[in-house]
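Asks: Okay, predicted coordinates and the sequence, questions at the end:
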Amino acid sequence: MLKAHRLEQNKRRLRLGTLYENHNLVFASEFGTPVHIENLRNRHFQRVLEEIGLPGFLRLYDLRHTCATLLLLAGENPKVVSERLGHSSVTMTLDTYSHVLPNMQKTATAKLEQMLFG
């Protein structure tokens, strides 16, 4: 899908010539400039939310937050989650998502108990 997307971008760039600002972005406006979050939300994200039956008040950030929370709950290494989110440190990730930690502590305790006592 990304290769097809890139091909369409290149066609648009050639068609627009000097009007296209090539910033080498994966997702860009029709003229190659960075996508404005309001345009993305209004033109695309709201439509997707409607199509899949999710409430219109959801923000892109909510999807990011949900992804991180689910990965941590699933036992994914916090360093991997931190890198995925682009956080500067795993500490930032763990501080931000500390609400997930109580369940993770219970799971860790159960695993240790199983290892020690069968």
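Replies: Good, I have the coordinates. Numbers count the residues shown, from 1 in each chain.
Asks: Before we move on, what's the pLDDT of residue 52?
Replies: Residue 52 carries a pLDDT value of 94.
Asks: same thing with residue 44?
Replies: Reading off the model, residue 44 has pLDDT 90.
Asks: roughly how far out does the helix or strand residue 12 falls within sit from the chain middle?
Replies: If you go by DSSP states H and E, residue 12 is part of helix 2-16. How far helix 2-16 lies from its chain's middle: 24 Å, per C-alpha atoms, centre = their mean, to the nearest Å.
Asks: Assign the nearest residue to residue 59 once chain neighbours are set aside to helix, strand or coil.
Replies: Nearest residue to residue 59 in three dimensions, chain neighbours excluded: residue 41, at 7.8 Å (C-beta to C-beta, 6 or more residues apart in numbering). Bear in mind the C-beta positions are built from the backbone N, C-alpha and C, glycine included. Following DSSP: H, G, I helix; E, B strand; the rest coil, the label given to residue 41 is helix.
Asks: The chain: strands as residue ranges?
Replies: Along the chain, counting by DSSP state E, no stretch forms strands.
Asks: for it, what spans make up the helices?
Replies: 2-16, 37-40, 46-52, 60-73, 78-85, 90-96, 101-117 (DSSP state H).
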